[in-house]
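> please work out how this folds:
(chains A and B)
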Amino acid sequence: MKQLVSFKWLALVTGFLLLSGCATQAKYDYSAFRESRPASILVLPPLNGSPDVNATYSMLSHATLPLAESGYYVLPVTLVDETFKQNGMTTPADIHQVSASKLREIFGADAALYINVRQYGTTYAIVMSETRVTAEGRLVDLRSGKTLWEGSATASSNEGNNNSGGGLVGLLVKAVVSQIIDSLSNRGHAIAGMTSNRLLAAGRPNGILYGPRSPRYLKDGSPTP
Amino acid sequence: MKFFPKAARLCGLAVFSSLLLAGCVSRPQPLYYWGDYQAQVYGHFKGEKGPEEQIAALEAVREEARSQGKALPPGFQAHLAMLYGQTGRSERLVEQLEAEKKQFPESTTFMDFLLKKFSPQVDAKVGQ
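Next comes the predicted model:
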């Protein structure tokens, strides 16, 4: 009989542990995001913390698709980059220092996206080499200077079927990736496409919210399956 | 044909077609026609693709989008504008920047900034 009681306790404790397991997936606090509701996003050239010089422009050229398909106007990344260059700002570090009010004045965007590439490249091993891209993003309202959202994502060549994991945008990214010839030098760029999708497509747990041009705008909160 | 009575067959048909319809409804369509625009942008950044080569590729994408009645993605027409500018076609540059602005009014501030900068002749006209 005593044994039965301890089983009951065990069941109870296990139940609590399971529940708390669910609870640790804390919900992101979207109150600043909901208050701001940006319509347009200026993606700044990403900072590169990896040894691969391609990381910045690889990530930058993958950023438009997931954000645009999530319902945002994305400022043309090539012209934005060109504008910074013509004003003497050639490194992402310089560009990330520009004040929110100045960015707002020139580009007229509601929000700016600051990306930091943490990992980008291939580690070689005898059995299997791995290409991994990890990045963090921070969305800042250019009108108020407030941070609206922060997140991070990673993708690896060793994920089996290279499933970019994410519905429609995932499929679109796959199409882009298939246009990249699978040479080793370009593998990082293909993986960066998946990282970018995981980081920036709306409808993912703790991801950015849908923008005004999406049919799902204002219907967030019930994440899509 | 005698396996199922008519009512059951009709019923099956109804279920089947509603499943098909549900399939259509639950699959959202992309907002934009992308073609290989993103790959062109990467080629541009890497300096692997010259303006003429990109213009040819993007004009083809634009044609495909038009024939399928789909919208061009944000930045597409502005990027094309820059390429026209680099190849000395300033009229087309202005035309494309205006097209971006028309499709996406969110771009107005930046497009006006560029129009002012890239085409002094526009200023001159305004000044007259």
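> what helix or strand does the residue most central in space within chain A sit in?
By C-alpha atoms, centre = their mean, chain A has its centre lying nearest to residue A:199, at 1.8 Å. Using DSSP states H and E, the element containing residue A:199 is helix A:184-200.
> mind giving me the packing neighbours of that helix?
helix A:55-69, strand A:111-123, strand A:130-141, strand A:147-156, helix A:167-178 (3 or more C-beta pairs under 8 Å, 6 or more residues apart in numbering or on different chains; DSSP states H and E). Every C-beta, even on glycine, is put in place using the N, C-alpha and C of the backbone.
> just say which of the ones you listed is most tucked in.
By mean neighbour count, with neighbours taken as mean count of other C-beta atoms under 10 Å in any protein chain shown, helix A:55-69 ranks first of these at a mean of 26.
> now check that one, is it near chain B?
Yes. Counting by C-beta under 8 Å from any C-beta of the partner chain, chain B has neighbours in helix A:55-69: A:57, A:58, A:60, A:61, A:62, A:64, A:65, A:68, A:69.
> turn those into a markdown table, including pLDDT.
Shown next, in a markdown table, are these (pLDDT from 0 to 100):
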| residue | pLDDT |
| --- | --- |
| A:57 | 97 |
| A:58 | 96 |
| A:60 | 98 |
| A:61 | 96 |
| A:62 | 97 |
| A:64 | 98 |
| A:65 | 97 |
| A:68 | 98 |
| A:69 | 97 |
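> how many residues are close by residue A:37?
15 (other C-beta atoms under 10 Å in any protein chain shown).
> and residue A:211, by the same measure?
25.
> ok, now which ones touch it?
A:38, A:39, A:41, A:67, A:70, A:71, A:72, A:73, A:202, A:217 (C-beta atoms under 8 Å, 6 or more residues apart in numbering or on different chains).
> from those residues, which is closest to residue A:195?
Taking C-beta to C-beta as the measure, residue A:195 lies nearest residue A:67 of the contacts of residue A:211, at 13.8 Å.
> for the closest one, give its distance to residue B:105.
According to C-beta to C-beta, to the nearest Å, residue A:67 and residue B:105 sit 17 Å apart.
> can you check residue A:43 too?
Separation of residue A:43 from residue B:105 (C-beta to C-beta): 19 Å.
> any idea which element the residue in chain B positioned nearest to chain A lies in?
Nearest to chain A in chain B, going by C-beta to the nearest C-beta, is residue B:109, at a distance of 2.4 Å. Assigned by DSSP H and E, residue B:109 belongs to helix B:108-118.
> if you count contacts, what does that helix end up packed against?
The contact analysis (3+ C-beta pairs under 8 Å, 6+ apart) places helix B:108-118 against helix A:77-86, helix A:100-107, helix B:76-86, helix B:90-103, helix B:120-127.
> which non-adjacent residue is nearest the residue of chain A found nearest chain B?
Evaluated by C-beta to the nearest C-beta, chain A has residue A:108 as its residue closest to chain B, separated by 2.4 Å. Nearest non-adjacent residue to residue A:108, counting by C-beta to C-beta, 6 or more residues apart in numbering or on different chains: residue B:109, 2.4 Å away.
> what sits against the one you found?
Residue B:109 touches A:106, A:107, A:108, counting by C-beta under 8 Å, 6+ apart.
> okay, it: pLDDT?
pLDDT for residue B:109: 98.
> distance of the residue nearest the centre of chain B from residue A:95?
With distances taken as C-alpha atoms, centre = their mean, the residue of chain B nearest its centroid is residue B:72 (1.2 Å). For residue B:72, the distance to residue A:95 equals 27 Å [C-beta to C-beta].
> residue A:172 too?
27 Å.
> picking that back up, quick one, which of the contacts of residue A:211 are buried?
A:38, A:39, A:41, A:67, A:70, A:71, A:72, A:73, A:202, A:217 (16 or more other C-beta atoms under 10 Å in any protein chain shown).
> quick check, the fifth one in contact with residue A:202.
Yes. Using C-beta atoms under 8 Å as the test, residue A:70 is close enough to residue A:202 to be in contact (3.7 Å).
> thought the residue nearest to the centre of chain A was touching residue A:149?
No. Shown here, residue A:199 and residue A:149 do not form a contact pair, counting by C-beta under 8 Å, at 10.6 Å.
> what's the overlap in contacts for the two?
Joint contacts of residue A:199 and residue A:149 (C-beta under 8 Å, 6+ apart) are residue A:137.
> one step back: dump the contacts of residue A:211 into CSV; add pLDDT and secondary structure as well.
Formatted as CSV, those follow (pLDDT from 0 to 100; DSSP: H, G, I helix; E, B strand; the rest coil):
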residue, pLDDT, secondary structure
A:38, 98, coil
A:39, 98, coil
A:41, 98, strand
A:67, 98, helix
A:70, 97, coil
A:71, 97, coil
A:72, 98, coil
A:73, 98, strand
A:202, 95, coil
A:217, 95, coil
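> good, wrapping up.
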